[in-house]
Each structure stands twice: as C-alpha cells, then as structure tokens.
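Quick one, what's the 3D model for this:
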Amino acid sequence: QVQLVESGGGLVQAGGSLRLSCAASGSIVSINAMGWYRQAPGKQRELVATVTSGGSTNYGDSVKDRFTISRDNAKNTVYLQMNSLKPEDTAVYYCNADALSVSGSRYTRKNYWGQGTQVTVSS
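The predicted structure is shown next:
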C-alpha cells in the first residue's frame, strides 16, 4: 500500500502564493507520474498539473504560467508552487500518484489519492 500526505494549503489573498507538498510512503517500488488535481464545490475534479519520474510536466490550461510542479524522486515527494492566485483557484487540492508497490512477492500498480488540502483565495 501507498499513502499520500498533503500539506501547505490555507487561506491567501488574491495575487498571493502558496506551496503544496505531497509525500508518498509505504511499500513503494517505483512511482511513475505524480500530480495534483482540484475540485471546487459543485464542479468536477480537474487536472492541475502532473510530473513524470523523468521530469516531464503537464498543466491544466487555467494554471499555466502561474503554477509550477516539481518533484524530488529520492523523497517520493511532489510540490506545487502556486503564484498569482485567483479566487477561482479556490478548491480542495488532491495529490495523485501512479505507484508500483510490493507486498511479499506480490507487485501491484495502482493509482493513489491523498485526502485533499483546502486552498482558499479571497478577493
């Protein structure tokens, strides 16, 4: 099993910045892509950004040029630097990891989610 623990959410004024972190732990063999998704009240969960183990990144259109995703493979941790925040960025942000874990002699590849961290941007 793999656990994802997020931190860094909070309340910030429009134009401000926040940095989210997500650390993966457990019986990890390898992690391919890690990323962030968000869900605002009454809306579907949407892509924020992803990063592969090789460093390739992908961003949702609404956050390009404002958010930066990075990753520390040695620590199994992914970060999201959010700048120029807008009220429409308010949402619960979820960490996601495509991980291969091991239990005994059994290997399992699975998509994991964190519990979410609230980001609120005031106008």
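
Where do the strands of this structure begin and end?
Taking DSSP state E as the criterion, the chain contains strands spanning 2-7, 10-13, 18-26, 28-39, 46-51, 57-59, 67-72, 77-82, 91-103, 106-113, 117-122.

Now render the ones you listed as TSV, adding mean neighbour count and mean pLDDT.
C-beta here means a position set from N, CA and C on the backbone, and glycine is covered the same way. Below are the strands of the chain laid out as TSV (neighbours: other C-beta atoms under 10 Å; pLDDT from 0 to 100):
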stretch	mean neighbour count	mean pLDDT
strand 2-7	17	96
strand 10-13	13	98
strand 18-26	18	97
strand 28-39	19	97
strand 46-51	20	98
strand 57-59	16	98
strand 67-72	18	97
strand 77-82	22	98
strand 91-103	19	97
strand 106-113	12	96
strand 117-122	17	98
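
Compute the distance between G116 and S84, please.
22 Å (C-beta to C-beta, to the nearest Å).

neighbour count winner among these two?
G116 (18 against 13; other C-beta atoms under 10 Å).

Next, name the residue at the spatial heart of the protein.
In the chain, the centroid-proximal residue (C-alpha atoms, centre = their mean) is W36; its distance is 2.8 Å.
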